[in-house]
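# Would you be able to build a 3D model of this:
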Amino acid sequence: MASIAVIGLGPTGLATGVALASGGHRVLGVDIDSNRIERIQNANPPFHEAGLKPALRRVIRVGRFRVANVFEPMVSEAEFVFLCVGTPSRDDGSMDDGALKTAATSVAKAAIDKRRRTLVVKSTVVPGTTETVIRPILDSSGAPFRIAVNPEFLREGKALADTLHPDRIVIGAGDSVTAKRIRALYRPAKCPVYLTTLRTAEMIKYATNGFLATKVAFANELANLCDVFGVSYDEVHRGLALDPRINPRFLIPGVGFGGSCFPKDIRALAVAGQAHGYDPSLLRAILTQNDQQFLRAVELLESELGSLRAKRIALLGLAFKGGTDDVRESRAVPIAKALKERGAVVIGYDPVATTNFHKAVPDVVIATSIEEALKDADGCIVQADWPAFAKLSAADFLKPMAAPVVVDGRRILKPNRMKGVRLRRIG
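Just a heads-up that it's a prediction; the model follows:
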């Protein structure tokens with residue numbers, strides 16, 4: 001059993017901390033947000049994450065998970081310190097390492113007893129950051145830190161499950177002793193473990209997100225071309241899947257990707273590449289395609305309804321995907337704004353993300369149910385893949401809507417259940 005401090009209790013940090021505590025370790029969580037700390041102390045997670053609340057309640061009850069907003073007592077007790085702070089985009093798209101530097105500095109100052117600790121970077125950082133930014137900060141303290149990179153591969157909404165049951169673990173370390181110490185923390189995990197260098201581990205995270213985003217953008221581009229040529233994307237997708245070299249997963253077209261990872265990570269890698277004298281044209285093209293894709297849903301609606309002025313449009317799904325309340329980079333935001341610019345009245349609904357969305361787009365009417373959102377609507381766009389939306393049938397649209405025009409922006413509705421509905425899908 002190890003004593004672990006987790007710095008930053010966002011989705012990654014809290015899921016990591018709870019999973020490690022569930023595995024028998026003593027976990028000390030640190031975050032500078034006092035409101036967040038108070039909610040976590042009361043076993044009330046500050047964001048929606050499946051299974052997190054009961055798991056958090058259990059580890060707090062048995063005394064394996066404690067939280068605070070001060071560094072020194074937490075870090076002084078810890079053998080391992082996990083950095084899980086955010087690395088958002090700056091205005092130019094580059095990675096903002098401000099929170100990372102602040103956290104590393106606080107950890108260095110808190111290590112006043114000069115005991116040897118292992119600092120594990122779980123934040124997503126561009127290759128070279130751990131060596132050139134974090135290492136010098138730790139060295140300035142005079143404390144003997146070991147250092148490692150252990151990127152996360154968590155899906156929002158399923159972060160706890162992914163942490164408890166990972167499909168792979170990547171550990172970047174400068175020496176075998178550090179790598180073995182980190183590996184021991186994950187001893188119960190039944191999955192491949194890849195030991196590599198610091199910089200390679202950092203790059204693997206970006207490579208993973210970049211490739212998945214590429215598949216989404218390709219699927220969207222291909223679906224748009226299928227529309228142009230009058231070809232069924234479903235049939236093309238089935239044909240693609242017959243090729244053993246092509247994995248058909250993540251090749252589902254829609255209104256584009258969003259969230260806290262794909263957009264910012266691709267921007268950060270593209271800008272970092274340019275800073276090193278290389279023009280990553282493919283990455284830039286992926287971002288351009290994604291920034292335009294949401295308009296396909298609006299255009300399909302216009303093709304059925306004509307002018308959207310004064311039309312009442314239901315927008316189902318406000319988070320960037322189902323299973324989370326995260327609206328960062330959600331395609332619902334530009335869709336809502338585009339509809340408003342065309343004079344439409346937008347009524348939004350989401351099972352958990354309405355509060356966060358209302359802060360981002362305050363002039364959208366928020367409904368409290370699917371039925372309320374659809375009432376008297378002239379059209380509907382399904383933007384997030386919540387299971388409740390996938391279960392909708394023709395009757396659910398025909399009864400409340402003024403005009404049963406539905407654009408399935410995530411291809412989750414079943415066409416054979418939509419008799420009488422003017423259903424449009426990308427591709």
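
# Give the helix, strand or coil label for residue 274.
Reducing the assignment at residue 274 to three states with DSSP: H, G, I helix; E, B strand; the rest coil gives helix.

# what sits against it?
By C-beta atoms under 8 Å, 6 or more residues apart in numbering, the contact set of residue 274 is residue 280. C-beta: built from backbone N, CA, C; applies to glycine.

# try residue 74
For residue 74, the residues meeting the contact criterion (C-beta under 8 Å, 6+ apart) are 5, 28, 29, 30, 68, 110.

# number of nearby residues for residue 192?
For residue 192, the count of nearby residues is 10 (other C-beta atoms under 10 Å).

# quick one: it and residue 171 touch, right?
No: with the criterion set as C-beta atoms under 8 Å, residue 192 and residue 171 do not qualify as a contacting pair; they are 11.3 Å apart.

# Give me the buried positions along stretch 141-157.
Burial within stretch 141-157, assessed by neighbour count using 16 or more other C-beta atoms under 10 Å, is assigned to 141, 143, 145-154, 156-157.

# Just give me the closest of those residues to residue 20.
In terms of C-beta to C-beta, no member of the buried residues of stretch 141-157 lies closer to residue 20 than residue 150, at 11.5 Å.

# ok, which stretches of this structure are strands?
Under the criterion DSSP state E, the chain carries strands at the ranges 3-7, 26-30, 65-68, 80-83, 117-121, 145-149, 169-173, 193-196, 312-316, 345-349, 365-366, 379-382, 405-408, 422-425.

# if you compare these, which one is most tucked away?
Per-residue neighbour counts averaged over each of the strands of the chain give the maximum for strand 379-382, namely a mean of 28 (mean count of other C-beta atoms under 10 Å).

# For that strand, list the C-alpha coordinates in PDB.
The C-alpha trace of strand 379-382 is given here as PDB (Å, rounded to 0.1, in the frame of the first residue of the first chain):
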ATOM      1  CA  GLY A 379     -37.400  20.800 -36.400                       C
ATOM      2  CA  CYS A 380     -35.000  18.900 -34.200                       C
ATOM      3  CA  ILE A 381     -31.300  18.200 -34.200                       C
ATOM      4  CA  VAL A 382     -29.900  15.300 -32.100                       C
END
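
# ok, residue 171 - contacts?
Neighbours of residue 171 in contact, by C-beta under 8 Å, 6+ apart: 148, 149, 150, 179, 182, 183, 193, 194, 195, 196, 201.

# any chance of those in JSON lines, plus distance to residue 330?
Formatted as JSON lines, the contacts of residue 171 follow (distance: C-beta to C-beta, whole Å):
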{"residue": "148", "distance to residue 330": "33"}
{"residue": "149", "distance to residue 330": "29"}
{"residue": "150", "distance to residue 330": "28"}
{"residue": "179", "distance to residue 330": "38"}
{"residue": "182", "distance to residue 330": "34"}
{"residue": "183", "distance to residue 330": "37"}
{"residue": "193", "distance to residue 330": "34"}
{"residue": "194", "distance to residue 330": "32"}
{"residue": "195", "distance to residue 330": "36"}
{"residue": "196", "distance to residue 330": "34"}
{"residue": "201", "distance to residue 330": "29"}
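
# Those residues into JSON lines, with extra columns for pLDDT?
Putting the contacts of residue 171 into JSON lines (pLDDT from 0 to 100) gives the following:
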{"residue": "148", "pLDDT": "98"}
{"residue": "149", "pLDDT": "98"}
{"residue": "150", "pLDDT": "98"}
{"residue": "179", "pLDDT": "95"}
{"residue": "182", "pLDDT": "95"}
{"residue": "183", "pLDDT": "94"}
{"residue": "193", "pLDDT": "96"}
{"residue": "194", "pLDDT": "96"}
{"residue": "195", "pLDDT": "97"}
{"residue": "196", "pLDDT": "97"}
{"residue": "201", "pLDDT": "98"}
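
# thinking again about what came up before, which stretch among the strands of the chain comes nearest residue 39?
Between residue 39 and the strands of the chain, the shortest gap by C-beta to C-beta is with strand 65-68, which sits at 9.6 Å.

# I'd like to know which elements the closest one is packed against.
Contact here means 3 or more C-beta pairs under 8 Å, 6 or more residues apart in numbering; DSSP states H and E; on that basis strand 65-68 packs against helix 11-22, strand 26-30, helix 34-41, helix 52-61.

# Off-centre distance for the second one?
So the one you mean is strand 26-30. On the basis of C-alpha atoms, centre = their mean, to the nearest Å, strand 26-30 sits 23 Å off its chain's mean C-alpha point.

# Can you report how many residues lie near residue 326?
Applying other C-beta under 10 Å, we find 23 residues neighbouring residue 326.

# Could you tell me which residues make contact with it?
Contacts were defined as C-beta under 8 Å, 6+ apart; by that measure residue 326 touches 11, 47, 156, 259, 260, 319, 320, 353, 356.

# Now the fourth one: closest residue in space that isn't a chain neighbour?
This points to residue 259. The spatial neighbour of residue 259 that comes closest, neighbours along the chain excluded (C-beta to C-beta, 6 or more residues apart in numbering), is residue 320 at 4.4 Å.

# related to what we said a few turns ago, out of the contacts of residue 326, which sit inside helices?
Among the contacts of residue 326, DSSP state H puts 11, 356 in helices.

# export the contacts of residue 326 to a markdown table and tack on distance to residue 239 and pLDDT?
Putting these into a markdown table (distance: C-beta to C-beta, whole Å; pLDDT from 0 to 100) gives the following:
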| residue | distance to residue 239 | pLDDT |
| --- | --- | --- |
| 11 | 37 | 93 |
| 47 | 40 | 93 |
| 156 | 32 | 89 |
| 259 | 29 | 94 |
| 260 | 34 | 89 |
| 319 | 32 | 97 |
| 320 | 30 | 97 |
| 353 | 36 | 96 |
| 356 | 40 | 95 |
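
# Present the helices and strands packed on strand 65-68 as TSV; the columns should include distance to residue 334.
Formatted as TSV, those follow (distance: least, C-beta to C-beta, whole Å):
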stretch	distance to residue 334
helix 11-22	23
strand 26-30	34
helix 34-41	28
helix 52-61	29
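
# Quick one, which of those gets closest to residue 379.
helix 11-22 (33.0 Å).

# Restricting to C-alpha, output the closest one in PDB.
Once non-C-alpha atoms are left out, helix 11-22 reads as follows in PDB (Å, rounded to 0.1, in the frame of the first residue of the first chain):
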ATOM      1  CA  PRO A  11     -12.200  14.300 -14.200                       C
ATOM      2  CA  THR A  12      -8.800  12.700 -14.600                       C
ATOM      3  CA  GLY A  13      -7.500  13.500 -11.100                       C
ATOM      4  CA  LEU A  14     -10.600  12.500  -9.200                       C
ATOM      5  CA  ALA A  15     -11.100   9.300 -11.200                       C
ATOM      6  CA  THR A  16      -7.400   8.400 -10.700                       C
ATOM      7  CA  GLY A  17      -7.500   9.100  -7.000                       C
ATOM      8  CA  VAL A  18     -10.700   7.200  -6.400                       C
ATOM      9  CA  ALA A  19      -9.400   4.200  -8.400                       C
ATOM     10  CA  LEU A  20      -6.100   4.100  -6.600                       C
ATOM     11  CA  ALA A  21      -7.900   4.400  -3.200                       C
ATOM     12  CA  SER A  22     -10.200   1.600  -4.300                       C
END
